[in-house]
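S.K.: Structure of the sequence below:
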Amino acid sequence: MQHPRPHVRSLLIANALVAAAVVGVFLARHAGAQDSIRAADVRARGDYTMVAGKSNSGPSSIVYVIDSANQEAVALRWDATKQAMVGSGYRNIQTDSRAARGR
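M.R.: Model (predicted):
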């Protein structure tokens, strides 16, 4: 059996290193995706309520979305120039309820 030439051998080694790097990146991303899935599993399934209201800072209407299961509230308004809903506020209700009361 004939041995491959030195440049062919170096190309084979380079290809093996590139393949190992690709596999390493794939495994690292796959592990990161698994961690984010586990973090998402910790969050309770939402129980949502939507309430319409008016903005204090102009004529636009606001939609308040309250997630009672996770104790969070988000305010959304319609942006006519973007033709999309835009977040205009977020509150963690549980944190707010633990805050010191005052005027």
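S.K.: pLDDT weak spots in the protein?
M.R.: Within the chain, the ranges that satisfy pLDDT under 70 run 1-7, 32-41, 103.
S.K.: doesn't Val63 make contact with Thr49?
M.R.: No. Counting by C-beta atoms under 8 Å, Thr49 does not reach Val63; the two are 10.9 Å apart. In this view, the C-beta of every residue, glycine as well, is placed from N, C-alpha and C.
S.K.: I'd like to know how far the closest residue to Asp47 other than its chain neighbours sits from Leu76.
M.R.: Excluding the flanking residues, the one nearest Asp47 by C-beta to C-beta, 6 or more residues apart in numbering is Ala69, at 4.1 Å. Noted for Ala69: a distance of 19 Å to Leu76, by C-beta to C-beta, to the nearest Å.
S.K.: ok, these two, which is more surrounded?
M.R.: Using other C-beta atoms under 10 Å as the criterion, Ala69 and Leu76 rank with Leu76 on top: 17 against 12.
S.K.: ok, that one - contacts?
M.R.: By C-beta atoms under 8 Å, 6 or more residues apart in numbering, the contact set of Leu76 is Ile62, Val63, Tyr64, Val65, Met85, Val86, Gly87, Ser88.
S.K.: what does Asn92 give?
M.R.: Applying C-beta under 8 Å, 6+ apart to Asn92 gives the contacts Gln71, Glu72.
S.K.: Compare Thr49 and Val63 and say which is more crowded by neighbours.
M.R.: In terms of neighbours (other C-beta under 10 Å), Val63 is the more surrounded of Thr49 and Val63; the figures are 15 against 10.
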